[in-house]
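A.B. asks: Provided below for reference: sequence and predicted model.
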Amino acid sequence: MHVTHLLSWLTWLPVTGGLVLLILGDSRAGVARWLALLVTLITLLLCVPLWQGFDHSTAAFQYLERTTWIPQLHAQYYLGVDGISLPLIVLTAFMTVPVVIAGWSVIEKRATQYYAAFLILEGLMIGVFCAMDALLFYFFWEAMLIPMFLIIGIWGGPRRVYATLKFFLYTFLGSVLMLVALIYLYLQAGDYTISAFQSLPLALIDQRWIFLAFLVAFAVKVPMWPVHTWLPDAHVEAPTGGSVILAAIMLKMGGYGLLRFSLPITPDASRELNWLIIGLSLVAIVYIGFVALMQTDMKKLIAYSSVAHMGFVTLGAFLAFDIQGATGTLSGAVNGLDGAMVQMVSHGLISGALFLCIGVMYDRLHSREISAYGGVINSMPKFGAFMVLFALANCGLPGTSGFVGEFLVILAAYKANFWYALLAATTLILGAAYTLWLVKRVIFGPIANDNVASMPDLNGREFTVLAVLAVAVLLVGLWPAPLVQTMEASIQHLLQQLSTSKIPAV
Amino acid sequence: MHETVPLFLMLQPAIAEISLGLAVCVVLMVDVFAGSAQRQLTPVLTLMLLAICAWLTVSVGGVPARQVLFDGLYVADPLATFLKLAAFLSIGLALFYSQGYLDRRGIRGGEYQVLALTALLGICVLISANSLLTVYLGVELLSLSLYALVAFDRESGVSAEAAIKYFVLGAIASGTLLYGMSMLYGLTGSLDLDKLATVNAAHGAGFVIAVTFIVVAVAFKFGAVPFHMWIPDVYSGAPSSVALLISTAPKLGSFALAIRLLTYGLGADPSLWVEILTVLAVLSLLLGNIIALAQSGIRRMLAYSAIANVGFILLGFVTAGADGYRAALAYTLIYVLTTLGSFAVVLLAARDEGEAEELEDYKGLGVRDPLLALLMLVLMFSTAGVPPFAGFWAKLWIIQALLHAHHPLLATLAVVASVVGAFYYLRVIWFMYFDSGRPQTLVPRQRAARLTLALNTLAVVGLGIMPNALLALCTALLN
């Protein structure tokens, strides 16, 4: 099957669908649900030709679409994918489907607007991953905040206003500094294409400032310690669907930004300041792991676990320089970047699934407190099985996707520095501790109270969603080869870029 | 030279002012003789006359290139034609949006329309000013009309207070403007901006003082900190419809004032005013955004937001380069377009119990009136500078001009200030969508005004997705 303008379809089909829903109005929630599901399914189906037609052997961008957008600013409507963005696009399309299904009978207030917001969000997120023009990237990147702001604010929990404002303002602050950096680069390079930025020679002092501006934007998004505090609030207050998208996709944008912007545009500054990223990542992995251990709210626990797991992404992305320093070659550095990418996909699936699991319980008992539950497996055996599977994946059990990413990153960390590896490996203990303790308290043991006893097991809709995610988690865990192959050429290219100095010869 | 040209042709480029002057007379006469039976006649007639004047401005008054008339007092150029058109449109929209509001408040009288037209005439004179005298004439005509409009609701003590404040402060500003102009005249022997533009600034302290006085007056008209005190009082004290009027078209006049007086007349040595403007811009950005955070009334919030936005416009002038002026022009136009919309929402959200004065009154608007809330959402995000709305490009262009002129610190400050500012725009959205309001009686919907507002907002979205035409226009006008 051949579709022209595939990336435009992927971006604008959901957005258009969302706008149609908005016009449809709130009176026809039933139609809206089916329409939303249809649009997300078509978007997912469009990913099939995208994946099949993708040429693994090259790092070049594919499915290019390029037209003038704003000639006065030399900005172009320029889309394309490579091995780094392709998996994330597929992940986005994949994770939006369960979100729509998860809201099916739960969202009663302004349901049409709810689905519209998610559809628009999906399109904009795919746009972020496709954009090859920095201004277009920024356009999507910022526009995306609007639907998320509304999703948390309208359908969220009791402290939703605080959470959503914090989310918006944190991200906005990071983004505007990135905008200043992007405009600066544009004035140097003459147009806004990311590839022009990547090949632009830059003095070290410029690189440092640009690196820091990017870092603020991406660190808030990832989120890295110490700018992670918006995440637990946003997760706790967001509706289930919002949490899933936030954890599964939005956090990945930070990692994507580091790989697409920071490393190739400012390689020398990255080399110089990699201690900063590695340090913050290790703090996130170890310290946030302990923080997660102490949580009494399930969503907060998973939120902190997300921060710790995303620490692996940032760690893996910035290990290359130390590996080169320690071993003299870059060949070992592939593991770090591969690990970062696999970890992003895997964390997208696992954290999304865990938030869906919590959503299933919340729909029944309307509580997220761990202490409100206990012995859930007795009343919900099917659900318990899924929850245990995802929890094990979250602690990185071999055979699940969680293992692959963490293993690759720890391997790379070992090549760089023994102590990095040791600290990073504590996550195997800490992650297991907080996740399994959560499972023990919530799922196992005697039935805690009458409410738990009366919880009905999964219905068909919930079962389908969790089953599909479980298959995906196992598939990536047991057979990561297609994923790794897809990104291999692009990762190699990235390694080349980051090892080439951009400081102009004097 | 003009002896050889027929009078008609000589007057042709000034058709905007001439037709507008005639329109003022017509409206005044018709209103006197129409009597109270035909209340609706004056507003409708005014809008029709405005449309005719706008048409004449383009078809008859349009000039392909810069042209100086009346012994150098008056300049006609494409920029002037365009700014006048924008002012016509802005005043026309403002009057159109206000109609239902004025009826409901019982504010009647054709003088309202007449004063709006004379204010517009003042703006047009200002836009085409090529001499210090013309500048002063335009400023005074505009200001006096606005003083009277602020006090238009005779019953309201708040309005009267606002008008007095505005008048006293405005008079002081006019005084400093005159004082600066007289010093300039004393130093250079000319009132002509063309001549001033060629004067080298090596005139010592007297010149610096004169320019400072003039910049102060310009800052006052813009409403830049620390000459902003009248803005919040006028915006919240005047009837909402007057606030809508004052917050939009006069900004185009202020922009023209800065372009004619500072960048052209005193453009030989921008360093005379760049530093002062930098301070004013930074103060406006910081103070405007920070004080707006604390406002509980929507009009006071919009007032401080206006001050913060003026800071952005002034930053465009700080670059002292064509790309900065272009950015300032684009910013002013987008700001006027967006503010027309957001003040129109304030007018349309008014209920029988009274005006939608407090931010609290907007609670639950998302349920009560989904369309109005959605439009306000777009307008607020646009003013905050979030894509895909027009306000984003306005800010982007200013920041780009600043970076181009090597002001990275100012650029960073501007974006950080706009993050602070984002909070109070978001608060409006929060009240509209995240909180539920108490039940309120709805006023009859004004379909025509709502439709126009929807189109107005759609323009904000359209310019947000495709700003090409506007950017190209600004580039062509300020070369």
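C.D. replies: Sure thing, it's come through. Keep in mind the model is a prediction, meaning the values are calculated, not measured. Residues are numbered from 1 along each chain as shown, chains lettered A, B, ... in the order given.

A.B. asks: Look at A:I370 and say how many residues are nearby.
C.D. replies: Under the neighbour criterion other Cβ atoms under 10 Å in any protein chain shown, A:I370 is assigned a count of 17. Backbone N, C-alpha and C define where each C-beta goes, glycine included.

A.B. asks: Provide a list of residues in contact with it.
C.D. replies: Counting by Cβ atoms under 8 Å, 6 or more residues apart in numbering or on different chains, A:I370 makes contact with A:295-298, A:301, A:438, A:441-442.

A.B. asks: Now with 7 Å, please.
C.D. replies: Residues in contact with A:I370 (Cβ atoms under 7 Å, 6 or more residues apart in numbering or on different chains) are A:296, A:298, A:438, A:441-442.

A.B. asks: Can you list which of those are found in strands?
C.D. replies: Residues of the contacts of A:I370 located in strands (DSSP state E): none.

A.B. asks: Contacting chain B as well, which ones from these?
C.D. replies: For chain B, no contacts are drawn from the contacts of A:I370 by Cβ under 7 Å from any Cβ of the partner chain.

A.B. asks: May I ask which of those residues has the most neighbours?
C.D. replies: A:V442 (26 neighbours).

A.B. asks: with the contacts of A:I370 in mind, which one is nearest to A:T164?
C.D. replies: A:M298 (20.1 Å; Cβ to Cβ).

A.B. asks: what's near enough to touch A:V452?
C.D. replies: With Cβ under 7 Å, 6+ apart, A:V452 has these contacts: A:373-376, A:379.

A.B. asks: Drop anything exposed from those.
C.D. replies: Using 16 or more other Cβ atoms under 10 Å in any protein chain shown as the burial test, the contacts of A:V452 include A:373-376, A:379 as buried.

A.B. asks: would a markdown table of the residues you listed with pLDDT, secondary structure and distance to A:A412 be doable?
C.D. replies: Putting these into a markdown table (pLDDT from 0 to 100; DSSP: H, G, I helix; E, B strand; the rest coil; distance: Cβ to Cβ, whole Å) gives the following:
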| residue | pLDDT | secondary structure | distance to A:A412 |
| --- | --- | --- | --- |
| A:Y373 | 85 | coil | 38 |
| A:G374 | 83 | coil | 40 |
| A:G375 | 82 | coil | 41 |
| A:V376 | 83 | helix | 38 |
| A:S379 | 86 | helix | 44 |
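
A.B. asks: Tell me the one among the residues you listed nearest to A:M487.
C.D. replies: So of the buried ones among the contacts of A:V452, ranked by how close each gets to A:M487 (Cβ to Cβ), first place is A:V376, at 37.8 Å.

A.B. asks: Counting neighbours, what do you get for the closest residue to that closest one other than its chain neighbours?
C.D. replies: Of all residues not flanking A:V376 in the chain, A:I443 sits nearest, at 5.1 Å (Cβ to Cβ, 6 or more residues apart in numbering or on different chains). Residues near A:I443, counting by other Cβ under 10 Å, number 22.

A.B. asks: Ok, B:V461 next?
C.D. replies: 15.

A.B. asks: neighbours around whichever residue of the stretch 301-450 of chain A sits closest to chain B, how many?
C.D. replies: Relative to chain B, the nearest point of the stretch 301-450 of chain A is A:H366 (19.5 Å; Cβ to the nearest Cβ). Residues lying near A:H366 (other Cβ under 10 Å) number 9.

A.B. asks: what's the pLDDT at it?
C.D. replies: Residue-level confidence at A:H366 comes out at 85, pLDDT.

A.B. asks: circling back: and of the contacts of A:V452, the nearest to B:W273?
C.D. replies: Once Cβ to Cβ is applied, the member of those that ends up nearest B:W273 is A:Y373, at 68.0 Å.

A.B. asks: Let's verify residue 448: helix, strand, or coil?
C.D. replies: Going with chain A. Recorded secondary structure, A:A448: coil (DSSP: H, G, I helix; E, B strand; the rest coil).

A.B. asks: residue contacts, it?
C.D. replies: Applying Cβ under 7 Å, 6+ apart, the residues near A:A448 are A:373-375.

A.B. asks: What average pLDDT does the strand ranked longest in chain A get?
C.D. replies: Identified as the longest strand of chain A according to DSSP E is strand A:62-70. Strand A:62-70 carries an average pLDDT of 89.

A.B. asks: Pull out the buried residues from stretch B:355-365.
C.D. replies: B:355-359, B:361-365.

A.B. asks: any chance of those residues in a markdown table, plus pLDDT?
C.D. replies: Listed next are these as a markdown table, based on pLDDT from 0 to 100:
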| residue | pLDDT |
| --- | --- |
| B:E355 | 71 |
| B:A356 | 73 |
| B:E357 | 79 |
| B:E358 | 81 |
| B:L359 | 82 |
| B:D361 | 82 |
| B:Y362 | 84 |
| B:K363 | 85 |
| B:G364 | 82 |
| B:L365 | 84 |
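
A.B. asks: hmm, which two among these are most spread apart?
C.D. replies: Most distant of those, by Cβ to Cβ, are B:E355 and B:G364, 16.8 Å apart.

A.B. asks: pull the helix or strand with minimum mean pLDDT from the chain.
C.D. replies: Answering for chain A, as no chain was given. Least confident element among the helices and strands of chain A, by mean pLDDT, DSSP states H and E: helix A:450-453 (a mean of 82).

A.B. asks: Tell me the gap between the helix or strand that that one is followed by and the middle of its chain.
C.D. replies: The helix or strand immediately downstream of helix A:450-453 is helix A:460-478, counting by DSSP states H and E. With Cα atoms, centre = their mean, to the nearest Å as the basis, helix A:460-478 stands 18 Å off its chain's centre.

A.B. asks: Could I get the buried residue list for helix A:460-478?
C.D. replies: A:462, A:465-466, A:469-470, A:472-474, A:476-477.

A.B. asks: Spatially nearest residue to the residue of the stretch 301-450 of chain B found nearest chain A, not counting backbone neighbours?
C.D. replies: The minimum distance from the stretch 301-450 of chain B to chain A, using Cβ to the nearest Cβ, falls at B:V415 (3.8 Å). Spatially, and ignoring its direct neighbours in sequence, B:V415 is nearest to A:V176 (3.8 Å; Cβ to Cβ, 6+ apart).

A.B. asks: What helix or strand is that neighbour located in?
C.D. replies: helix A:160-189.

A.B. asks: Packing partners of whichever helix or strand comes after that helix?
C.D. replies: Following helix A:160-189 in sequence order, the next helix or strand is helix A:194-198 (DSSP H and E). With contacts taken as 3 or more Cβ pairs under 7 Å, 6 or more residues apart in numbering or on different chains; DSSP states H and E, helix A:194-198 sits against helix A:160-189, helix A:263-265.

A.B. asks: With that, I have no additional questions.
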